[in-house]
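In: here are the coordinates; sequence isn't available:
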């Protein structure tokens, strides 16, 4: 089948200019018009003024210049500030096909630098319009299955949150009058910073990357080989008994996030970008601690106490030790643990299916843009 390979700039027009860009500080939780920025979520917030609506007629493609996020937007929206690019076709084409074509491009990661310069150097494969529509339809069907699986995972997360509030009440107001304790009072031993790898080290091992704990659940795959100057302490090794907390991050919403690992390993350490603490299991159940740690009561204390240096938000052992939250009776926590374990098993099943769907989609995408689909 015949096709064209056209330079990116012959296919797309940058329609970003001339639009009002809305900074995050002006986002509303609800409003007349959704805001699309360069973040990972499709909608980041809302505004009420029609004057802020992007002038480009939807559907359009939004590209995150810093984040490399690519979004298909088929509704009126306001542009987020800093790094939001709006792209529209310059040639006769199926825009959903172009969206998937851009998603298939491997754009080099350059940190928080600009990435549009890399996108402009690429070429877009353009088969006849009818073929574009066929390919877009196939990829849409496969992607819809992935979306439904993610929605099921989100519903399970909502279920667990609702169960927590039903059993314990909102920790922000503690309506059931549970005893309140600090994390330091609940610690079984001292807090522990992780171990920093060394390029000159002689001891081989592995170390978690920060993304192992900042995605809202533990990701065992987020680790890398490393060398250390000294033998890691047992308290710095990966353990299901150690609550791992993000020590510093450029995103204020991620600093202080904490999760329990789902497995232990004597070979894997947690890095110095994390702080670990083991709590007294006779007083606080891990499932309860992990859930209460995500609530506004704890997040507010963390974000107020975090220090910012060169754009990096940081927490220390002293601040974490002082975090206060309600501690319900042990029997209620154990009941919640049983619910959390059941939800966790269902989540594991959904995630396994999602991984299979991701593999299928990647195969279809590869075949689509190599001419084999």
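Out: Structure's in. What do you need? The structure displayed is predicted, hence computed values, not measured ones. Residues are numbered from 1 along each chain as shown.

In: CA only for contacts and neighbour counts going forward, please
Out: OK.

In: mind listing what the least confident helix or strand in the chain by mean pLDDT pairs with, with the direction of each?
Out: Sorting the helices and strands of the chain by mean pLDDT, DSSP states H and E puts strand 248-249 at the bottom, at a mean of 87. In the sheet, strand 248-249 lines up against strand 312-314 (antiparallel) (DSSP bridges).

In: What are the contacting residues of the strand it pairs with?
Out: Residues from elsewhere that reach strand 312-314 (CA atoms under 8 Å, 6 or more residues apart in numbering): 247, 248, 249, 250, 251, 252, 255, 256, 306, 307, 308.

In: Using TSV, please lay out those together with neighbour count and distance to residue 163.
Out: Formatted as TSV, those follow (neighbours: other CA atoms under 10 Å; distance: CA to CA, whole Å):
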residue	neighbour count	distance to residue 163
247	26	29
248	25	30
249	19	30
250	14	32
251	10	29
252	18	27
255	24	26
256	30	23
306	21	30
307	15	33
308	14	35
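
In: Closest one to residue 194 out of these, please.
Out: Lowest distance from residue 194 to those (CA to CA) belongs to residue 247, with 9.6 Å.

In: next one: phi and psi at the closest one?
Out: Here is the backbone geometry of residue 247 (degrees, to the nearest 10): phi -80, psi -30.

In: Test my guess that it contacts residue 255.
Out: Yes. Residue 247 is within contact range of residue 255, at 6.1 Å (criterion: CA atoms under 8 Å).

In: list residues touching both of the two?
Out: Common neighbours of residue 247 and residue 255 (CA under 8 Å, 6+ apart) are 314, 315.

In: State the distance from the residue nearest to residue 115 when sequence neighbours are not counted to residue 80.
Out: Excluding the flanking residues, the one nearest residue 115 by CA to CA, 6 or more residues apart in numbering is residue 65, at 5.1 Å. Counting by CA to CA, to the nearest Å, the gap from residue 65 to residue 80 is 12 Å.

In: go on, residue 359?
Out: On the measure of CA to CA, residue 359 and residue 80 end up 32 Å apart.

In: Compare those two (neighbour count), which wins?
Out: Legend: neighbour count by other CA atoms under 10 Å for residue 359 and residue 80, higher for residue 80 (26 against 12).

In: Please report phi then psi for that one.
Out: phi -70, psi 160.

In: hang on, isn't it packed against residue 35?
Out: Yes. Using CA under 8 Å, residue 80 makes contact with residue 35 at a distance of 6.1 Å.

In: Spit out the residues that contact those two alike.
Out: residue 22.

In: Can you list the low-confidence ranges for the stretch 201-350 of the chain?
Out: Regions of the stretch 201-350 of the chain meeting the criterion pLDDT under 70 are absent.

In: and if we set it to 90?
Out: 201-205, 214-217, 226-235, 248-253, 266, 308-313 (pLDDT under 90).

In: The most centrally placed residue in the chain: which element?
Out: Compute the mean C-alpha point of the chain, and by CA atoms, centre = their mean the closest residue is residue 215, 4.7 Å away. In the assignment (DSSP states H and E), residue 215 maps to no helix and no strand.

In: Any buried residues in stretch 171-185, and which?
Out: 171, 174, 183, 184 (16 or more other CA atoms under 10 Å).

In: just curious, which of these is nearest to residue 219?
Out: In terms of CA to CA, no member of those lies closer to residue 219 than residue 183, at 23.8 Å.

In: Give me the distance between the nearest residue to that closest one once chain neighbours are set aside and residue 259.
Out: Closest residue to residue 183 apart from its sequence neighbours, by CA to CA, 6+ apart: residue 321 at 5.1 Å. Per CA to CA, residue 321 is found 16 Å from residue 259.

In: For residue 241, list the residues it contacts.
Out: 260, 261, 278, 279.

In: Now the two most distant members of those residues.
Out: 261 and 279 (14.0 Å).

In: Which residue ranges of the stretch 101-250 of the chain form helices?
Out: 116-119, 129-168, 183-186 (DSSP state H, counting those that start in this stretch).

In: any chance of these in CSV, plus mean pLDDT?
Out: Conversion of the helices of the stretch 101-250 of the chain to CSV gives the following (pLDDT from 0 to 100):
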stretch, mean pLDDT
helix 116-119, 94
helix 129-168, 95
helix 183-186, 96
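
In: tell me the most buried of these?
Out: Each of the helices of the stretch 101-250 of the chain was assessed for mean neighbour count using mean count of other CA atoms under 10 Å. The highest is helix 183-186, with a mean of 18.

In: what's that helix packed up against?
Out: When contacts are defined as 3 or more CA pairs under 8 Å, 6 or more residues apart in numbering; DSSP states H and E, helix 183-186 packs onto helix 317-322.

In: Give me the buried stretch members for the strand or helix carrying residue 298, please.
Out: In this structure, residue 298 is located in helix 296-305 according to DSSP H and E. Residues 297, 298, 299, 301, 302, 303, 305 are the ones in helix 296-305 that count as buried (16+ other CA under 10 Å).

In: hang on, the earlier thing: please say which of residue 321 and residue 259 ends up with more neighbours.
Out: Shown here are residue 321 and residue 259; by other CA under 10 Å, residue 259 has more neighbours (28 against 17).
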